[in-house]
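fold the stuff below for me.
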Amino acid sequence: MRRSRLSKAGRPMNSSNPYTKQPPRELGALLRHWRDTRGKSQLDLSIDAGVSQRHISFIESGRSLPGRQTLLDFAQALDIPLRDRNTLLLAAGYAPIYSEGAWNAPEMQSITKALERVLRQHEPFPALVMDRYWYVTLKNDAAPRFFNCFIDLEKREPPRNLLHLMFDPAGMRPYIANWEDVAAGLFQRVYRESVGRVVDEKTKELLEALQAYPDVKTEWRKPQSLSTLPFIPISFVKKGKTLNFFSMVTTVGTPLSIAAQELRMECLFPADEESEKHYLKMIATKSKGKK
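I've put the predicted structure just below:
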């Protein structure tokens, strides 16, 4: 999981401002947009992509049209998300090369099978896969069993959004002992884990929806210094018992499709032996109650 560098003012460096306008469609302006987003000069991009600064200047002014491989070299140097690489190619008159199929499209079968295997291997602890907007696409059997120990998931129509589940007073929020810390951390995770470290319009809408929940502090929405912990701690309370967990996030390495790049898996682990013991007992009791 990548962590954005931060300036002294607390804003991400080499990352887009979460309130910037959408990228332009004209090639030269689009390339300038991504340079500005990553905080790179024409000289920086020239060195990273192995292209002359003069050529970059000509492209941005509309005096020159780059070859497709040159555009891909720019995209790699600027760490442009695959979805936006297609836009860059289209702006130059080239066909897009990255599949825009859904996460369950046929070309994603090998990846989804691998994810499902990891989900099974994480039993008896909860694990789930989410898309870029935190909607659950895959889960292991333990995940719904765990959440159903606190709430009735059937009352929440799929696809279920993990962020709304955590912020909603009718969801998991009352059962999270350190909710304020978790909520503030989740806002930061939205910025940190947004694809290509770019917050798009739909993500902004999601942040606004979270902000509408009661007692959500405005300052949480501002990107700031990130935790130095290698994991995300969260404590759940059930019948007076506190269960301490941490979660670890996994992404698909070297993705070749947009859907693969935008998926991430979150696995929950008990943080101590006492929490693990209470968790296993809770899950066993819940399973017996279903029979």
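
what are the ranges of the helices in the stretch 51-200 of the chain?
Assigned by DSSP state H, counting those that start in this stretch, the stretch 51-200 of the chain shows helices spanning 53-61, 68-77, 82-91, 109-121, 142-148, 162-167, 179-193.

what packs against the last one?
So that's helix 179-193. With contacts defined as 3 or more Cβ pairs under 8 Å, 6 or more residues apart in numbering; DSSP states H and E, helix 179-193 has these neighbours: helix 162-167, helix 201-211, strand 232-238. Heads up, the C-betas are built off the backbone N, CA and C, glycines and all.

dump the helices of the stretch 51-200 of the chain to JSON lines, plus mean neighbour count and distance to Lys238.
Output for those, formatted as JSON lines (neighbours: other Cβ atoms under 10 Å; distance: least, Cβ to Cβ, whole Å):
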{"stretch": "helix 53-61", "mean neighbour count": "16", "distance to Lys238": "57"}
{"stretch": "helix 68-77", "mean neighbour count": "17", "distance to Lys238": "47"}
{"stretch": "helix 82-91", "mean neighbour count": "20", "distance to Lys238": "40"}
{"stretch": "helix 109-121", "mean neighbour count": "14", "distance to Lys238": "23"}
{"stretch": "helix 142-148", "mean neighbour count": "20", "distance to Lys238": "10"}
{"stretch": "helix 162-167", "mean neighbour count": "20", "distance to Lys238": "16"}
{"stretch": "helix 179-193", "mean neighbour count": "19", "distance to Lys238": "14"}
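
can you lay out those helices as a markdown table showing distance to Pro270 and mean pLDDT?
Converted to a markdown table, these look like this (distance: least, Cβ to Cβ, whole Å; pLDDT from 0 to 100):
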| stretch | distance to Pro270 | mean pLDDT |
| --- | --- | --- |
| helix 53-61 | 52 | 96 |
| helix 68-77 | 40 | 97 |
| helix 82-91 | 35 | 94 |
| helix 109-121 | 16 | 96 |
| helix 142-148 | 11 | 97 |
| helix 162-167 | 18 | 97 |
| helix 179-193 | 16 | 90 |
